[in-house]
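[1] Compute the structure for the input listed below.
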Amino acid sequence: MKKVAVVAGGISSEREISLLSGQGVYNALKSKGYDVTLIDLKDDIVSFIRELKSQNPDVIFNALHGRFGEDGNIQGVFNLLHIPYTHSGCLASALAMNKKMTKRIVKEAGIPVADDKMITLLDIQKGNTLPFPYVIKPNNEGSSVGVSIIENKSDEDYLLNSWSFGNDTVMMEEYIKGREMSVPVLNDKALGIVEIAPKRGFYTYENKYTEGKTDHIIPAPIPEEQAQILKDYALKAHQILGCRGASRSDFRYDDSNPDCPKIIFLEINTQPGMTPLSLLPEVAKKAGISYEDVVSYLVEDAICEK
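    Predicted coordinates for the structure are as follows:
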């Protein structure tokens, strides 16, 4: 069996979630008979590279989430070390992590997206905004980190007083009413559709990773014709961005007019979580693919870009 180094942790805002994913992957690969080590990547890339070289793995399972883990940076390190790794490579990872660039590419491919504009704190102070309601989100974070729905002037005043993005440019996006849908892709196949139904509010970081705060409805209760469109869009986004292994695309589905339902692409995640509350393994299980088989497939699919 191959020797696999599971790399988790990292220095992004999703560090704790990555450690949960990494532990789950480590346990699954152990049960499959792989020779596995778990490496916690901290803010010392030199020590990390030394440890990788000492372990000398055949494959790296990249269980990192967020910035510097799924944005092309660490993938470049793995390429330079000539070690095959799971999930997408440098370019696909960088493109997918940049929400603005992703939306530009998928829109050109015929996938509907929400209107948006890139803004700073000064733009909001000057009133250079979209009509209420609108969404504020970092352009290069995942797991709903930093996402806010601004419904009125009171919300906007609160946003101004609690602005946490410094001088960064962030995405202001049209709010799309409707239901949240997510479509994981594995091995160039859309596995199914999950409706994400928070019991309160929207799909925040807390609702995403706190047990009991969100219902996952699989398969999503929507007409088959619309379900197929969602799957087609998710697979197309995966392919045109050059993703590899696994991805998960998120959408809004508005069926307030049942004669003309709207499907709007939001973003794509090139390294979906593998925690007990993560969507990819849950949808895969409904499709007859075990958690262990998912991680084993990703290991066997690993390559190094040359």
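
[2] Tally up the residues packed near Lys285, please.
    For Lys285, the neighbour count with other CB atoms under 10 Å is 16. From N, CA and C alone the C-beta is placed, and that goes for glycine too.

[3] can you confirm it is in a strand?
    No - under DSSP: H, G, I helix; E, B strand; the rest coil, Lys285 sits outside any strand and is assigned helix.

[4] in the sheet, who's paired with Tyr134?
    Note on Tyr134: beta-bridge partners Ile150, Glu174, judged by DSSP bridges.

[5] State the number of residues packed around it.
    Neighbourhood size, Tyr134 [other CB under 10 Å]: 23.

[6] what's the next secondary structure element after the least confident helix or strand in the chain by mean pLDDT?
    Here the helix or strand of the chain ranked lowest by mean pLDDT, DSSP states H and E is helix 205-209, holding a mean of 47. Downstream of helix 205-209, the next assigned helix or strand under DSSP states H and E is strand 214-217.

[7] what lines up beside that next one in the sheet?
    strand 194-198 (antiparallel).

[8] residue ranges with poor pLDDT in this protein?
    Scanning the chain for pLDDT under 70 picks out 141-145, 199-213.

[9] Asn140 contacts Met101, correct?
    No - counting by CB atoms under 8 Å, Asn140 stays clear of Met101, with 9.8 Å between them.

[10] out of those two, which sits in the more crowded spot?
    Asn140 (19 against 15).

[11] ok, and the closest non-adjacent residue to the more buried one?
    Excluding the flanking residues, the one nearest Asn140 by CB to CB, 6 or more residues apart in numbering is Met97, at 5.2 Å.

[12] Now do the contacts for the one you found.
    Under the criterion of CB atoms under 8 Å, 6 or more residues apart in numbering, the contact list for Met97 reads Arg67, Glu70, Asp71, Gly72, Asn140, Gly142, Thr270.

[13] Confirm the second one sits in a strand?
    No - in this structure, Glu70 is coil, not part of a strand, as judged by three-state DSSP.

[14] residue contacts, the closest residue to it other than its chain neighbours?
    In space, and not counting its chain neighbours, Glu70 is closest to Gln271: 4.4 Å by CB to CB, 6+ apart. Applying CB under 8 Å, 6+ apart to Gln271 gives the contacts Asn62, Ala63, Leu64, His65, Gly69, Glu70, His87, Ser88, Ala246.
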